[in-house]
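Colleague: Model the structure of this input:
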Amino acid sequence: MKVRLTLRPSPSSRALFCIAVAALVAGGQAVGAETVYTTDLETNPFASGWTVNWGAAPTSDNFWTDATARSGSHCITGGGDTWASTTFAVQPMEYYSVQFYSKANTAGQYGMIGNDTLTYRASSQWVLNEGVSRTGLGATVDRVWFFPTSAPPAYFDDLTVRHISSQEAAQQLDKNYAAMQQFDFAALAGPEDRHANIPRTMQALTTGGTMNVVLLGDSIMSNTSNSLFETLVERMYPGSRMNVTASWAGSTGCWWYKEEGRVQSYVLDYDPDLVMIGGIGNFDDIDSIREVITQIRAGKGDCDILLMTGLAGSAMSPYVHPEFMLPIDPNGQDYRAALWRLAEEQGVGFVDMTRPWMEYIASTGRAYDEFLKDGVHCNTDGITIIGRILEAYFESAPEPSTAAILLLGVALLRRRPNR
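Modeller: Model (predicted):
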């Protein structure tokens, strides 16, 4: 029997509500999770379709070894080359848990081919790595790949991929965030009327509707997609569904997308209900962003648009540019202020990603590069921050509690003149 919950608790109680529901439904276990691929690497991986460097011959740094293993007698090891597993069947626009053990001198990268990369941890002992990926539109097969980013040794063993639900994906994101310093992202989410210019989106969310969401921009928007923020949003609005597609080209922005035919192929062909425009590749080109908005509206006038300031990249460190942690000055000359004014002018949504990104990092005291995997793009901690920023943005304004309503009523009665 399926039960649809329509409660709309306040933000503070909603977090507890979501955790309680998850515990009742999941009982601490993955509900309905289907294993689509598993291997203990006890047989030669090359014989089952694994490849190195996308089909190149293995080097001395990438091989099947019995030198050490987490279980059994064998595992794989790698240096600067890329291992890729055999293919396995997947469903499009679905979530998959990737679990494996690693033992490596330094952190490296891994992921499913159809998604952006995650990061595994450095450890002198075998440690469990758990990540979640979303498959792309039209995906039918995928692979897991490992990219050690330093000299060997880096060892991998006992890989399992499971098909999971949006709710289970959100639970894994919670687990990632629980291991990090906590932060009040809601305090920086924006004014209470921040959703006024994305009415169709909020209508779909609050009524349990389904929408197509396109993230347009550069590789930072791929990072944004990889945060799987929609699973956190869907949990706040039971029954809703956000089909998210990252539509991006590296090192580009609206100055590139405005050229003939690109808005059609990168945006309109996905029949979007919400287009989120962001990244760090717009180069403060407000006129080009305006032109892309115009083209989107010409192609689909009932589409919501959300403008996003930048994060990540080499210049978004709070230790280098602390001024980006200040509130936006509506009359300011910086890019955040100009983008906010454009959103007001065009009647589209706006979210400041920069300030909460920087304030969170500054609050931890951790080095900036601890949130990046290559000096520019987000690692797993970085994308965790992105997900929490957008979760807070899409959170509805708190509804007054019964006690608050009663107190307001008493206050109004006290103000009534005697008759």
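
Colleague: quick one: contacts for residue 372?
Modeller: Residue 372 makes contact with 312, 378-379, 382, according to CB atoms under 8 Å, 6 or more residues apart in numbering. In this view, the C-beta of every residue, glycine as well, is placed from N, C-alpha and C.

Colleague: which stretches of this structure aren't confidently modelled?
Modeller: Scanning the chain for pLDDT under 70 picks out 1-32, 57-61, 150-152, 397-419.

Colleague: Okay, domains of it per the record?
Modeller: 34-164, 173-394 (automatic domain parsing).

Colleague: Backbone dihedrals for residue 206, please?
Modeller: Phi and psi for residue 206, reported as degrees, to the nearest 10, are phi -70, psi -20.

Colleague: Can you report phi and psi for the residue nearest to it when sequence neighbours are not counted?
Modeller: In space, and not counting its chain neighbours, residue 206 is closest to residue 237: 6.1 Å by CB to CB, 6 or more residues apart in numbering. With angles defined as degrees, to the nearest 10, residue 237 sits at phi -120, psi 80.

Colleague: and residue 237, how many neighbours?
Modeller: With neighbours defined by other CB atoms under 10 Å, the count for residue 237 comes to 21.

Colleague: repeat for residue 310
Modeller: By other CB under 10 Å, the residues close to residue 310 number 25.

Colleague: what's the nearest residue to it if we skip its chain neighbours?
Modeller: The spatial neighbour of residue 310 that comes closest, neighbours along the chain excluded (CB to CB, 6+ apart), is residue 280 at 4.2 Å.

Colleague: next one: residue 199
Modeller: That would be residue 304: by CB to CB, 6+ apart, it lies 7.2 Å from residue 199.

Colleague: Quick check: the one you found touching residue 274?
Modeller: Yes. Judged on CB atoms under 8 Å, residue 304 makes contact with residue 274 at a distance of 4.6 Å.

Colleague: where do the contact lists of the two overlap?
Modeller: Shared contacts of residue 304 and residue 274 (CB under 8 Å, 6+ apart): 198, 200-201.

Colleague: Pick out whichever of those sits closest to residue 345.
Modeller: Closest approach between the shared contacts of residue 304 and residue 274 and residue 345, by CB to CB: residue 198, at 15.8 Å.

Colleague: Surely the closest one is in contact with residue 306?
Modeller: Yes. Shown here, residue 198 and residue 306 form a contact pair, counting by CB under 8 Å, at 5.9 Å.

Colleague: what do these two both touch?
Modeller: 274, 348-349.

Colleague: Most neighbours among those residues, please name it.
Modeller: Neighbour tally across these (other CB under 10 Å): the maximum, 25 neighbours, falls on residue 349.

Colleague: Which residue, neighbours along the chain excluded, lies closest to residue 205?
Modeller: In space, residue 205 comes closest to residue 237 once its chain neighbours are excluded; the distance is 4.2 Å by CB to CB, 6+ apart.

Colleague: Hmm, that neighbour is touching residue 210, no?
Modeller: No. Counting by CB under 8 Å, residue 237 does not reach residue 210; the two are 11.4 Å apart.

Colleague: In this structure residue 243 contacts residue 210, no?
Modeller: Yes. Here residue 243 reaches residue 210: they are 6.9 Å apart, a contact under CB under 8 Å.

Colleague: Of these two, give the one with the bigger neighbour count.
Modeller: Between residue 243 and residue 210, residue 243 has the larger neighbour count (other CB under 10 Å), namely 18 against 11.

Colleague: who's in contact with the nearest residue to that one once chain neighbours are set aside?
Modeller: Spatial nearest neighbour of residue 243, excluding adjacent residues (CB to CB, 6+ apart): residue 212 at 5.0 Å. Each residue near residue 212 by CB under 8 Å, 6+ apart is listed here: 243, 245, 270-274.

Colleague: try 7 Å this time
Modeller: Counting by CB atoms under 7 Å, 6 or more residues apart in numbering, residue 212 touches 243, 270-273.

Colleague: quick one: which of those is nearest to residue 172?
Modeller: Using CB to CB, the contacts of residue 212 come closest to residue 172 at residue 243, 19.5 Å.

Colleague: Please, which helix or strand holds the closest one?
Modeller: strand 241-248 (DSSP states H and E).

Colleague: list the helices and strands the helix or strand that comes right after that strand packs on?
Modeller: Later in the chain than strand 241-248, the nearest helix or strand by DSSP H and E is helix 254-257. Counting contacts by 3 or more CB pairs under 7 Å, 6 or more residues apart in numbering; DSSP states H and E, helix 254-257 is packed against helix 286-299.

Colleague: again, 8 Å this time
Modeller: Other helices and strands packing on helix 254-257, by 3 or more CB pairs under 8 Å, 6 or more residues apart in numbering; DSSP states H and E, are helix 262-266, helix 286-299.

Colleague: So what touches stretch 290-298?
Modeller: Under the criterion CB under 8 Å, 6+ apart, residues 216, 254, 257-258, 263, 267-268, 272, 275, 277, 303, 305, 342, 345-346, 348 lie in contact with stretch 290-298.

Colleague: Can you tell me the SS state at the residue nearest to residue 375 when sequence neighbours are not counted?
Modeller: The shortest distance from residue 375 to any non-neighbouring residue, by CB to CB, 6+ apart, is to residue 314 (5.9 Å). In three-state terms, and counting by DSSP: H, G, I helix; E, B strand; the rest coil, residue 314 is coil.

Colleague: Okay, residue 314 and residue 374: tell me how far apart.
Modeller: According to CB to CB, to the nearest Å, residue 314 stands 10 Å off from residue 374.

Colleague: and what of residue 148?
Modeller: Distance, residue 148 to residue 374, by CB to CB: 14 Å.

Colleague: Look at the two and report which has more neighbours.
Modeller: Neighbours per residue (other CB under 10 Å) separate residue 148 from residue 374, with residue 148 holding more: 28 against 12.

Colleague: Tell me how many other residues surround the nearest residue to the more buried one once chain neighbours are set aside.
Modeller: Nearest residue to residue 148 in three dimensions, chain neighbours excluded: residue 154, at 3.9 Å (CB to CB, 6+ apart). Using other CB under 10 Å, residue 154 has 27 neighbouring residues.

Colleague: again, but for the one 4 residues further on
Modeller: Close neighbours of residue 158, defined as other CB under 10 Å, add up to 20.

Colleague: thought it was touching residue 103?
Modeller: No. Judged on CB under 8 Å, residue 158 makes no contact with residue 103 at a distance of 11.5 Å.
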